[in-house]
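Student: Provided below for reference: sequence and predicted model.
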There are 4 protein chains.
Amino acid sequence: MTVKGLELSMIKVGIIGGTGYTGVELLRLLAAHPQADLRVITSRGEAGKQVSDLFPNLRGHVKLAFTQPDIKALAGCDVVFSATPNGVAMMHARELLKAGVKFIDLAADFRLKDPAVWEKWYGTPHACPELLAEAVYGLPEVNREKIKKARLIANPGCYPTAVQLGFLPLLEAGLVDAVHLIADAKSGISGAGRKAEAHTLFSEASDNFKAYSVPGHRHWPEIRQGLDAVAGEPVGLTFVPHLTPMIRGIHATLYARLVKTKVDLQALYEKRYANEPFVDVMPPGSHPETRSVRISNVCRIAVHQPQGEDTVVVLSVIDNLVKGAAGQAVQNMNILFGLDERTGLQQAGVLP
Amino acid sequence: MTVKGLELSMIKVGIIGGTGYTGVELLRLLAAHPQADLRVITSRGEAGKQVSDLFPNLRGHVKLAFTQPDIKALAGCDVVFSATPNGVAMMHARELLKAGVKFIDLAADFRLKDPAVWEKWYGTPHACPELLAEAVYGLPEVNREKIKKARLIANPGCYPTAVQLGFLPLLEAGLVDAVHLIADAKSGISGAGRKAEAHTLFSEASDNFKAYSVPGHRHWPEIRQGLDAVAGEPVGLTFVPHLTPMIRGIHATLYARLVKTKVDLQALYEKRYANEPFVDVMPPGSHPETRSVRISNVCRIAVHQPQGEDTVVVLSVIDNLVKGAAGQAVQNMNILFGLDERTGLQQAGVLP
Amino acid sequence: MTVKGLELSMIKVGIIGGTGYTGVELLRLLAAHPQADLRVITSRGEAGKQVSDLFPNLRGHVKLAFTQPDIKALAGCDVVFSATPNGVAMMHARELLKAGVKFIDLAADFRLKDPAVWEKWYGTPHACPELLAEAVYGLPEVNREKIKKARLIANPGCYPTAVQLGFLPLLEAGLVDAVHLIADAKSGISGAGRKAEAHTLFSEASDNFKAYSVPGHRHWPEIRQGLDAVAGEPVGLTFVPHLTPMIRGIHATLYARLVKTKVDLQALYEKRYANEPFVDVMPPGSHPETRSVRISNVCRIAVHQPQGEDTVVVLSVIDNLVKGAAGQAVQNMNILFGLDERTGLQQAGVLP
Amino acid sequence: MTVKGLELSMIKVGIIGGTGYTGVELLRLLAAHPQADLRVITSRGEAGKQVSDLFPNLRGHVKLAFTQPDIKALAGCDVVFSATPNGVAMMHARELLKAGVKFIDLAADFRLKDPAVWEKWYGTPHACPELLAEAVYGLPEVNREKIKKARLIANPGCYPTAVQLGFLPLLEAGLVDAVHLIADAKSGISGAGRKAEAHTLFSEASDNFKAYSVPGHRHWPEIRQGLDAVAGEPVGLTFVPHLTPMIRGIHATLYARLVKTKVDLQALYEKRYANEPFVDVMPPGSHPETRSVRISNVCRIAVHQPQGEDTVVVLSVIDNLVKGAAGQAVQNMNILFGLDERTGLQQAGVLP
C-alpha cells in the first residue's frame, strides 16, 4: 500500500458466502472500514438479492447484491474472505492464490496442519493438503510476523481464540501442568450459525443452559495444536463447550494446576499483553462480562488464584463474531496490507 | 466553528449525570465522535470513579473520571448534555445558558411548553418556566431550522420520537381522523433506566410481556403537544406502552382512521422523508424489526393499509437509547454547531 | 363415564402428531390428568422413538413410544387429539368419527365454517367439508352446551382465544362500534412452532420485536367469524400480530370505540365471567402479565377507559400453549366426558 | 400423622418471609400439596397485603394475606418454613422448636456446623450455635434417615445441591483425587433473589455472561463440608459460579482426576441413584438441559470420560428454586411427616 492517492490505496475486497452471521458481521465491519472497498460478494443461494434485503441493518451501508460465485470477479480483488461453511474455501484457495489474491478463510479448512486430523474431525478428505503447511494460523498475538508475509490465512475459531489467549502466558512461562488443562467454555447461540436447526430455535435455546459435544468437539484439536506449539510439547486438554442463552459472546473459564504457586500472575499477564491492541488484562479481582466486548474486537482477561491454592483460574471473554471471527479476520487483513492493525476495529463494546 | 486548526475546531463537551443508560450511550457516541472533546462528566454518586470502572466497555475509550458537579468546569464547555433524572436539568439551565453554553437536556424538563402540564405529570413546580418558550424541542425532522439557532434543546423522549415520526406524514397531509389516534408502543427494558427496581429485574421482566400506565403515561402529553402542532388542532390519542423482554428498541404500532382511502401512502411517506438522513421508509409490505436499528440512529418505518380498508397501520422502530435519546442528542449537537448532521452517527445496526 | 370401577372410568386417549409444542404440552397435561389413560401417540417422523427421548422433561412421566399412524389403534380410544400441522386432521376425521371416537383437532382444519374461506387462507381444498357444520368451535366460554354434545371439536387458535375473550362482553352488550375493532396482539415465539425456521432462531428472535402478517393473518378470519356470531353482524377488525422475545404467552391489547361512555365496564366484565373457571377479571387499574398465566389455563383480563374518553382498552393474556392450545383442548375433553371442567388443569402460573 | 380423618391428617404449615423467589415457589408447591394446610405467612414488609396481590399467579390458589411476624400463630403450626434472608431464621428457631414445631430453614443459618465458619462467611456471630449440632442438613440422598427424626432442617443451598449430587458417587467410591475437585457452576438469575439490585436488572443480566465471586463464594464452605463428610477427609475444591441469562436453573459442570480409569462410571451412577425418586441418571453420552427440570424437583445427571482419559466430567442440572430450594424443602417436610417423599412434587418439567 505504498501508493499515494487515496483512491488507489483502497483495498479491493471480495467475499465468498457471507449470508451467515460471520458474513453479516464482516459486511458491517468492512462497510465502515476506511480502506476497504467492497467489490463483490457471492452466494449461490441468494444470488440476485440485495445484501440489504437479507440484512436490513445494512440498508444505506452496503449497496452490493449477492452474485453467483465467479472466480474471475474474485480474482480481481486484492483480498478475498471466505465466510462459508467448512469445506468450501478449500475448493477455491488454489485458484485465488494463483491469481495473486490474498485469501482469508473464516472457516476451519486451513486451521489444522495435519490433513488426517482434518479428515477425522470434518469427515472429508482435504482438497488441497499441499497448502496446509503454507497457511498461517491467524492469531496475531502469536503469529503476527508470519501473518505479515502470508498469502493464505486460517482465521481461528471462536472458542480457540478465547481459550488460547487465556492459556498463552501460563504455557509460555511453563508455570502449569500442561497435561491436565481444563477449558469450560460458554458460547452465545450465534456461534451455532444462521442455519435453521431445531435446537437453536428461540423456544429451545432460551431460558436454558446445556453442555454439548463433551465426548469431542471440532475445536478441541485446533486448540490443542495451538497450545502444543506454545508449550513445546503435547498438552492434555479437557474441553467442554456449553450453549448459553445470549446472542453473542464467549466466556472461557480456564483451570490449570500451578507447578509454582508463588508467581505474580497478574504481572505475567499484563506484561505478556502490554503491546497487544486487542487484549485487555483487567485489574486483579475482576470478572470480565461478555457484554463489555459486545461488537468489539477486544479479548478481556482476568486471572485468579482462589485462596492462594495451586489452581489458577483464567476468565477470558470475546465477542464470538468479532474477535472470534469477522473482527479478527479484518485484523488479519490490516496486518497483511500494512495498515494500522486497529483500522476499522475501534468500536467500543455496547452496553447495555 | 469557523476556526481553522483541527484542535480549535473540537467541540468542548460536558455531561451532567451520565451514570444511567442514556449516559453510557452518550459517552460511547461522543468518544467516537471526531469533533467532540469530552472534558468533564459530573456525578454526585460516582465522583472520583473512573468512567471505565463503572462501564468496562469504555476501557480504552474514555479516560475521564466522574467529578462532583462543578458549574465552573461545565461553563468552560461549548455544550453541556444533561443525562440526569427528570427535574435536575432545570436546576442548572439558567446558569449555563448565562455562561454562553449550549444546553441539551435528555430528560423531560424542557419538553412541555406549559408549566402547569409539567407540574401535573412530573409532580413538582417547574424551576425555570421562563425558559420553556425558548427551549426548542429537538426533533430535527420537525424543528431543524429552530434547532440551528437554539441555545437550549429539549431532547425528545423515546416513545414520542417513534410515535411522532410515524404519525407525522398522515397528520401533515390531513389524511386521518386526528381525534382517535391509537399508539400501541412496545419498549425494551432499558427504557426504564439503570435504577434498581424490582419490576425490571431480569427474573421479573424476562419471558414476560405487559402493558403499563394505561391510565396515563408522562409521554402522552409530550406526544400530544407535538402532534397538536403538526395537526394544527388538538388531537385525540390513546397511548398504551408495554414492556417487552429485550434490552433496546421501541416498536410503535400506530392506528388511524383514514378520511380518504384512495391515497398512495407509500409515496406520501417516501416523499416526506426523502431528505432525512435518519428516517428510512421501508418498501411496501415491510415489517421493520427493532434489531435492524440496534445501536443505530435510524428510525425505520413501514406503512400498511390492511385489506384496503379505512384503517392505516404504521410500524415505526427506533433504538430507544440512540434515536430515542443519546443519538438524537448528538444529532442535535451536530446541527447546533453546523456540522454534517450525520457526524459520529453512522454506525449500522448490529445484527444478530 | 357411568361405569363404576376407577380403572374402567379412565378415558382412553390417543394423539396424532404430538412432536410439536402443542403436542409436548398436551402430553405433559394428560400425563398428570387423573382420568386420562394415554394409549397411543403416532408420528410418522419419530415412530419408534420413546416420547421421553424427544422430550426429556417427560422422563418418568410418559412411557409410550411414538408409533406409525395406525387408524385401528386410534379407533380403540375414547378420544383422539390431533396435534399436527394444518391440513392433516381433516384426513382422519371421518374415519375416527365413524368408529365412535371423539375427535379434538388442535389445528385449524375445522375452525372455519366456510370451506371457501378455508381454501383461501390455508391454500388447499377442504377434505371433508360436510363435517364443518357439525364441528363445534371449542371455546367453552361461548359454546359450552354445544361442546357437551359434540363429536368433533375445533380447538380455537391462540390469538383467537385471547382476542375473543377480550372483546366478548363489549360485543354481547352492544357497547362498541363493531366495525372498527383493533386487536394489537403479541405472541411468544413458541407460537411459531417447533419447526426449524431461520426467523425463529434464538439469534434472530431474541432481543428483537417485530410485527408480521399485517396484510393478513390466518387467525383474522377465525376471529372475525367468532366475533360476527357474538355481535350478530359482520364486524370490522384490524388485527396486527407481533413476535416478542419470550417463549410462551400472548398479550392482546384491544381497542374499540364506545358508543356509550358512561358504562361500568369493570362490572360488565366481572359479571360476564363470574362463573367461568378459567377467565380471571383483574381489579380496576390492573395490567395482567403474561407470566402470571405461564403453564396455567387461565385467561387474565383487565379493562381500561383511559382519561374517561370514548376508547376502551382491554388487556387479555393467556399462555398460548395452554389456554391457547393444549389446556383448552383438555378443557374440551373434560366437558365432552362430563368431568369437572377443571380436572387436570389447576396448576397455578409459574413465577418467576 | 397417625390420626384417621383426612381433615385431621392435614399438616398445618406456617411460613416466615415468603416474599422472595423461594417464598413464592414454596407457596405454589404447598398450595397444590394434598396434605399441606397453609395457615400463616408472615412478612414485616408486606403485612396486610394479599399474597395474590404480590404474586398474581397465585390468584385463586392462595387466599392468605401476609401478617406481621407472630410467634404464637407460628407455634400453632406443625411445621414452619423460613424463607427469609440469611440471619433471620436463627432468631426464631429456639422458640419454635420449644413449641414443638418442626422447623425447616431455606436460608443458610443452620447449614454450617462450625459457628466460626458461619461468622467468617456470613459476617455475624451465630445466634444459636447450640442448635448447629442438632440441625440436619436436608439433602435426602445423603441424610434421609437423620431427616426422619429431625426437628430442625437446614435446607441445602442451590449450588451445593447440584454439586454434591454430582460428585457423591465418585467420592463415595474413592475414585478421584479429592484434593483437586473443580466445580464450574452456572446459575439462572433468580438465584440472586428478588431484591432490587443493579447487576440483576434485565438490561444488565440479559445477553451477558459472567463469573462472580471467584475469590470465594459462601457456598464453597457448604459444599466442602458436605464433600468432606462423604470423602472421609478434607477435600480440595475450586468453585467458580457464573450468572447465565435465564430465570431458573443451575448447570454444574464438574471435573475430577480419576485415580482408576477403567471403571464403569455409568453403572456406578445408576446404581447409586437407583432408588432415589428425584435423581435421574441420563443414558451414556447425554447432555442434560436445565429446562428439562424447570419447575420439577429432579436433579438430572450425566457422566462423561472424554477420550477415555483420566478426567471425569459430570453434568448435573436442577431447578434452583425447586430441588435447589422450595421443592427440596417440601421433600424434607414429606420425610419429616412420614409421607410418600414424592407427595406434591410430581410435576414434570415444562418444555418449552
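Tutor: Received, thanks.
Student: can you tell if the host helix or strand of residue A:317 touches chain B?
Tutor: Element membership of residue A:317 [criterion: DSSP states H and E] is strand A:311-318. No: using CB under 8 Å from any CB of the partner chain, strand A:311-318 never reaches chain B; the gap is at least 10.2 Å. Every residue, glycine included, has its C-beta placed from N, CA and C.
Student: quick one, helices of the stretch 51-200 of chain A?
Tutor: Along the stretch 51-200 of chain A, the segments classed as helices by DSSP state H, counting those that start in this stretch run A:51-54, A:71-75, A:89-98, A:115-122, A:140-148, A:158-172.
Student: so what's the closest residue to chain B within the stretch 51-200 of chain A up against?
Tutor: Going by CB to the nearest CB, chain B is nearest to residue A:57 of the stretch 51-200 of chain A, at 3.3 Å. With contacts defined as CB atoms under 8 Å, 6 or more residues apart in numbering or on different chains, residue A:57 is in contact with A:24, A:28, B:291-294, B:296, B:348-351.
Student: same question, residue A:213
Tutor: residue A:241.
Student: Please repeat the previous calculation with a cut-off of 10 Å.
Tutor: A:219-220, A:239-242, D:287, D:306 (CB atoms under 10 Å, 6 or more residues apart in numbering or on different chains).
Student: Now, those residues that are in helices?
Tutor: Counted as lying in helices by DSSP state H, out of the contacts of residue A:213, are A:219-220.
Student: And the contacts of residue A:213, which is closest to residue C:122?
Tutor: The closest of these to residue C:122 turns out to be residue D:287 (CB to CB; 38.3 Å).
Student: pretty sure that closest one contacts residue D:302?
Tutor: Yes: using CB atoms under 10 Å, residue D:287 is in contact with residue D:302, at 6.4 Å.
Student: if I look at the two, which residues touch both of them?
Tutor: Shared contacts of residue D:287 and residue D:302, counting by CB under 10 Å, 6+ apart, come down to A:211, A:214, D:315, D:317.
Student: Rebuild the residues you listed as a markdown table, extending it with distance to residue A:167.
Tutor: Listed next are those as a markdown table, based on distance: CB to CB, whole Å:
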| residue | distance to residue A:167 |
| --- | --- |
| A:211 | 20 |
| A:214 | 20 |
| D:315 | 23 |
| D:317 | 28 |
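Student: and the two most separated of those residues?
Tutor: Between any two of the shared contacts of residue D:287 and residue D:302 (CB to CB), the greatest distance is 13.5 Å, for A:214 and D:317.
Student: higher neighbour count, those two?
Tutor: Just comparing residue A:214 and residue D:317: by other CB atoms under 10 Å in any protein chain shown the higher neighbour count belongs to residue D:317, 34 against 22.
Student: Spell out which residues sit in contact with the more buried one, please.
Tutor: A:208-211, D:162, D:166, D:186, D:249-253, D:280, D:282, D:287-294, D:298-302, D:323, D:349.
Student: restrict those to contacts with chain C.
Tutor: Of the residues in the contacts of residue D:317, proximity to chain C by CB under 10 Å from any CB of the partner chain holds for A:208, D:280, D:282, D:287-289, D:291-294, D:298, D:300, D:349.
Student: Of those residues, which belong to strands?
Tutor: Secondary structure assignment by DSSP state E places D:280, D:300 of those in strands.
Student: For the closest residue to chain C within the stretch 1-150 of chain A, grab phi and psi.
Tutor: Going by CB to the nearest CB, chain C is nearest to residue A:21 of the stretch 1-150 of chain A, at 6.8 Å. Backbone torsions of residue A:21, given as degrees, to the nearest 10, read phi -70, psi -40.
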